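*Asks:* my questions concern the predicted model and sequence given below.
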Amino acid sequence: MARAKITSVRGVKDILPEESPRWQRVEALARETFARYGYSEIRVPVFERTELFARSIGEETDIVNKEMYTFNDKGGESLTLRPEATASMCRAYVQHALYSQPGVAKLFCIGPMFRYERPQAGRLRQFHQIDAEAFGSLDPAVDAEVIVMLADFLSAAGLKDLSLQINNLGDAECRPAYARALQEFLRKETTNLGPEVQERVERNPLRFLDSKDPDHRAIIARAPTIDLHWNENCQKHLGAVCDRLKGAGIRFEVNPRLVRGLDYYCLTVFEVTSRNLGAQNAVCGGGRYDGLVEELGGPPTPAIGFAIGMERLLQLIGGEADESAAPASPLDAFLVPLGEKAAAEAFALAGELRKGGLRVDLAFGGGSMKSQMRRADRSGARYVLVLGEDEIAKGTVSLRDMRESRQEELPRAEALSKLLAGRR
RNA sequence: GUGGGUGUAGCUCAGCGGUUAGAGCGCCGGGUUGUGGCCCCGGAGGCCGGGGGUUCAAAUCCCCUCACUCACCCCA
């Protein structure tokens, strides 16, 4: 009799009815906040040609190397479930020539992302991001506005005790010089740290900077930092961003050791972290990617954006702000029919109430009055409509106010209008 | 991929060699010919994650495996 249960896939979660209101609230807040900054929603597909991600995120990144859900479709084409949204947004921006519209193109996207990783606290294989991107301007004021919007949203969501860190990764001119200097330093320091570490240093020295290993941290503390290599452009850009942020009253910290795991970033990068999240402590990460649109076949177009992790954000809201909004009952009225004939009439009556805009449920499957009343009580509905033989015969209904424990028998039409009048 | 922790009822967990495996909560029914919550009574629901081994005897000890979880690499 009992067959083997099919469970969800590792690292993938159901969002159950009791938690989905929190998701809806946060998503609505993002839409409202972003709209005040002139952003429009774009909905891009959850899968793309594999090449899009390989080209944009970078062949040497962990995401592309080992974390992508890649498969061949029936036509033999290699497709990949999106590990992030920026690449798709750039693709759509180019494909639909959104660059031909005036001004800065401001877009946001909310949805699931997929990465094949071992799950842990704050890390899932299917997770959700709120993603915002601004295309078409080099102006550091855009960087600042993006960050101000982010801070605006996070604080409206009720988050406190967050840390915002900013860095400038250098541009095409000064970043390679820094990478070389860092690599030289690390080559000398990591000779006895094993082949994987050394290979990392060879492939992408910058990413050594966010290792958590205590031995590595000690080396990093002595390593050269990028600020020593910034050219005038980078210095001015970061300075302008910081000035604007200060002017906006945003608290932040410049961290010259902050790096990001995606190759396309340049100049401004930033990260919002919380101490209340466990090892995966970033709620949001973002930065500028001035070469990406062109790399994907579009016109040279500077751009900047960020991604907020929904699950991590919700974890913080749960931990910090508590359940401020008590879950209101999903129902206004509940119908209790006694007997077959009453069941048919109750079904029709429920229809009328719903047409009037009320949220209505009824006791299916009959049962004793006691049992139906218990169901009515648990439904949370304020009003219960009892339809028994007496009421049927008289064309009435017994309207019970569950909160006040009072009830009266009224003609159908009267009960209906009374309920509709009290509707929110 | 690597390492640690945990797997017993729908949920949270007790039992840790010895009768038919328990509690609380939840669920269903009854206590009232047609009235919820509180209370009382009753009931359903377990291959004790799976496989193998040790033993007269295994939920309990050992091995393997799977799942969940935390952490590393990395990221939201």
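*Replies:* Great, that's in hand.
*Asks:* how far is stretch A:21-34 from where the chain is centred?
*Replies:* Mean C-alpha position of stretch A:21-34 versus that of the full chain (C-alpha atoms, centre = their mean, to the nearest Å) differs by 10 Å.
*Asks:* make sure residue A:403 is actually in contact with residue A:382.
*Replies:* Yes: contact between residue A:403 and residue A:382 holds when scored by C-beta atoms under 8 Å: they sit 6.0 Å apart. In short, each C-beta sits where N, CA and C put it, glycine included.
*Asks:* these two: who's more crowded?
*Replies:* In this comparison of residue A:403 against residue A:382, neighbours counted by other C-beta atoms under 10 Å, the higher total goes to residue A:382 at 17 against 8.
*Asks:* quick one: contacts for the more buried one?
*Replies:* Residue A:382 sits next to A:329, A:332, A:333, A:401, A:402, A:403 when contact means C-beta atoms under 8 Å, 6 or more residues apart in numbering.
*Asks:* quick one: it from RNA strand B, how far?
*Replies:* Shown here: residue A:382 relative to RNA strand B, a distance of 9 Å by C-beta to the nearest atom of the strand, to the nearest Å.
*Asks:* which pLDDT does the model give that residue?
*Replies:* Per-residue confidence (pLDDT) for residue A:382: 93.
*Asks:* same deal with residue A:317?
*Replies:* The predicted structure scores residue A:317 at 89 on the pLDDT scale.
*Asks:* just want the phi and psi numbers for it.
*Replies:* Geometry field for residue A:317 lists phi and psi as phi -60, psi -40, criterion degrees, to the nearest 10.
*Asks:* my guess is it meets residue A:159, correct?
*Replies:* Yes: Residue A:317 is in contact with residue A:159 according to C-beta under 8 Å; the separation is 7.0 Å.
*Asks:* show me what from the stretch 101-250 of chain A comes close to RNA strand B.
*Replies:* Within the stretch 101-250 of chain A, the positions adjacent to RNA strand B are A:115, A:117-124, A:127, A:129, A:200, A:207-208, A:210-213, A:216 by C-beta under 7 Å from any atom of the strand.
*Asks:* run the last query once more with 10 Å
*Replies:* Contact residues (C-beta under 10 Å from any atom of the strand) of the stretch 101-250 of chain A with RNA strand B: A:113-131, A:196-197, A:200, A:204, A:206-214, A:216-217.
*Asks:* out of those residues, which are buried?
*Replies:* Among those, those buried by neighbour count (16 or more other C-beta atoms under 10 Å) are A:113-115, A:117, A:122-131, A:197, A:200, A:204, A:206-209, A:216.
*Asks:* which of the residues you listed fall in strands?
*Replies:* Restricting these to those inside strands, with DSSP state E as the criterion, leaves A:113, A:114, A:126, A:127, A:128, A:129, A:130, A:131.
*Asks:* no further queries at this time; thank you.
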